[in-house]
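A.B. asks: give me coordinates for this.
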Amino acid sequence: HFYCHNLLIVITLKMIKNLILILLIAIVSGLALNTIAFSLPVQPVKENLKENLEVFEKEMESEYFRVIENDDATMLDLYTDALMMNTMIYESDQSNFVNAVAAHHYFNEGQTMQQSFLDLVEEKIEGKEVYAYARYWHGYLLPLKLALSSMTYLDFRILNLFLQILLLGLAVKTMAEQGGRKLVVPLLVAFVFLMPVATAYCLQYSFIVYITLIATILLFHFREKLDQRKNAIYFFFIIGVVTNYFDLLTYPLITFGIPAVLLLFSGKKKMTILESLITFAAIACAWIGGYALMWVGKWTVATLVLHENIYLDAIQQIILRTNDEVKNLELTYSMVLEKNLELLQRLPYVLLFYIPLIMKIPSIVALLIHDQRLFIQKILIMACFVCVPLVWILVLRNHSFMHYFYTYRILIIASFAIQCAAFSTPSLLRNAEE
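C.D. replies: Numbers count the residues shown, from 1 in each chain. Predicted coordinates:
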């Protein structure tokens, strides 16, 4: 017993050391990639953006633009897209490294971010102040700059949609080959719920989709290795780190939820109820750890390089995003949840959710009769995943209310978990044979 205890401590210490090493490599790489982004010329990007000026003018004239009229689920966050492009085309005589850390952009207090962006594309800089946005990593800068140096914004949107569908196809193929065939239908349903027309049209939505689909492909590629809890912890820690690097707080939880559901509902290895709950807790902590530590890493670097307290800025924002008031409106939990759920209460969604479930009822009943323990295990794991987005919305009440038109996507984790729990039940034929 004593030997086992000591061995556990050694393994844990070794793992912590490795995780810190991964984090440090990620921080150095992140700074390097962003520095490269700022060293690339801005002119080709501006030329390409000018090509689509009339598109920007049409979409950005109002606060929000919906791809499908009156459907909030297709609402694009063009404020943030404008901010991302403002940051990308910012030029100054400071070093590329300082620019990479500070993520400056021009902005005029009397305008919206979108109007400032339209001015910048037309080279109108007078009256604009320089603002830093140093608490985020802005990992999108390099891929976006490379893409928009070589094509127009509209071409990029087409490419974006094409790449997302291609990755979905690859994910399905890998799943079918590596023992995840049963969970393909829930994955396709989840992808439709993400509203691909919006995720392709909006720069800031697309990175979460990419990370999730690539993580899914890798998960099934290394399926058997990830049955070892230690490897799964590393895997989800890295996903958390990468998510924080690219994301400007949209619906990042998806990059944990979808791969984690797939991991726990597709394993060949028999786990006890306790083991599966421990695995759930371990990978959840790993993802949160990766996400949070990568973020703190950015605040630390920015505080040291820019000689201003970025921690304070970040903590003030966290307090704002977690409070329960918006413009003097007291936010109750049910109100915020309802606002997010509303977008999924459409007939196509309801049909896509319930019809596959109804088809699995015979298998579920058979499982309940033949193997109560496995049935309870599936229900418990499913319940854990259903709670994940509910807790997120509870904590980030202000953010989830203000930005309901994209935060609603994290609720997909719950519907996905329910469908995967049903679809991972052994088929009736197998039950009959046994």
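
A.B. asks: in the stretch 251-400 of the chain, which spans are strands?
C.D. replies: Here the stretch 251-400 of the chain has its strands, by DSSP state E, counting those that start in this stretch, at 325-326, 329-330.

A.B. asks: what does the first one contact?
C.D. replies: Okay, so that is strand 325-326. Outside strand 325-326, the residues that touch it by Cβ atoms under 8 Å, 6 or more residues apart in numbering are 331, 398, 401, 402. Heads up, the C-betas are built off the backbone N, CA and C, glycines and all.

A.B. asks: pick the most deeply packed of the strands of the stretch 251-400 of the chain.
C.D. replies: strand 325-326 (a mean of 14; mean count of other Cβ atoms under 10 Å).

A.B. asks: residue 294 versus the residue positioned nearest the centre of the chain, what's the distance?
C.D. replies: Geometric centre of the chain, nearest residue: residue 252, 2.9 Å, by Cα atoms, centre = their mean. Counting by Cβ to Cβ, to the nearest Å, the separation of residue 252 from residue 294 is 11 Å.

A.B. asks: one step back: cross-check the contact I'm expecting between the residue nearest to the centre of the chain and residue 243.
C.D. replies: Yes: taking Cβ atoms under 8 Å as the definition, residue 252 is a contact partner of residue 243 at 4.9 Å.

A.B. asks: can you list residues touching both of those two?
C.D. replies: Here residue 252 and residue 243 share the contacting residues 208, 291, scored by Cβ under 8 Å, 6+ apart.

A.B. asks: what does residue 130 show for phi and psi?
C.D. replies: phi -100, psi 130 (degrees, to the nearest 10).

A.B. asks: pLDDT score assigned to it?
C.D. replies: pLDDT recorded at residue 130 is 87.

A.B. asks: let's have the contacts of strand 325-326 in a markdown table, adding pLDDT, neighbour count and distance to residue 132.
C.D. replies: Shown next, in a markdown table, are these (pLDDT from 0 to 100; neighbours: other Cβ atoms under 10 Å; distance: Cβ to Cβ, whole Å):
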| residue | pLDDT | neighbour count | distance to residue 132 |
| --- | --- | --- | --- |
| 331 | 83 | 17 | 30 |
| 398 | 88 | 17 | 23 |
| 401 | 91 | 20 | 27 |
| 402 | 89 | 17 | 22 |
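
A.B. asks: for those, work out which two are farthest apart.
C.D. replies: 331 and 402 (9.7 Å; Cβ to Cβ).

A.B. asks: longest helix in the protein, please.
C.D. replies: Criterion DSSP state H: the longest helix present in the chain is helix 2-39.

A.B. asks: may I see the buried residues of that helix?
C.D. replies: 19, 22, 23, 26, 27, 30, 31, 33, 34, 35, 37, 38 (16 or more other Cβ atoms under 10 Å).

A.B. asks: okay, and the common contacts of residue 252 and residue 294?
C.D. replies: Common neighbours of residue 252 and residue 294 (Cβ under 8 Å, 6+ apart) are residue 244.

A.B. asks: just want the angle from the helix or strand containing residue 238 to helix 2-39.
C.D. replies: Using DSSP states H and E, residue 238 maps to helix 229-246. Relative orientation of helix 229-246 versus helix 2-39 (axes from the mean of the first three to the mean of the last three Cα atoms, to 10 degrees): 20 degrees.

A.B. asks: which elements pack onto helix 229-246?
C.D. replies: On a contact count with 3 or more Cβ pairs under 8 Å, 6 or more residues apart in numbering; DSSP states H and E, helix 229-246 meets helix 2-39, helix 203-221, helix 254-266, helix 273-306.

A.B. asks: distance of residue 38 from residue 76?
C.D. replies: 26 Å.

A.B. asks: need the contact list for the residue nearest to the centre of the chain.
C.D. replies: 208, 243, 244, 291.

A.B. asks: and the gap between it and residue 346?
C.D. replies: Relative to residue 346, and taking Cβ to Cβ, residue 252 is found at 24 Å.

A.B. asks: check residue 425 too.
C.D. replies: 27 Å.

A.B. asks: those two: which has the busier surroundings?
C.D. replies: Comparing residue 425 with residue 346 by other Cβ atoms under 10 Å, the one with more neighbours is residue 425, at 23 against 12.
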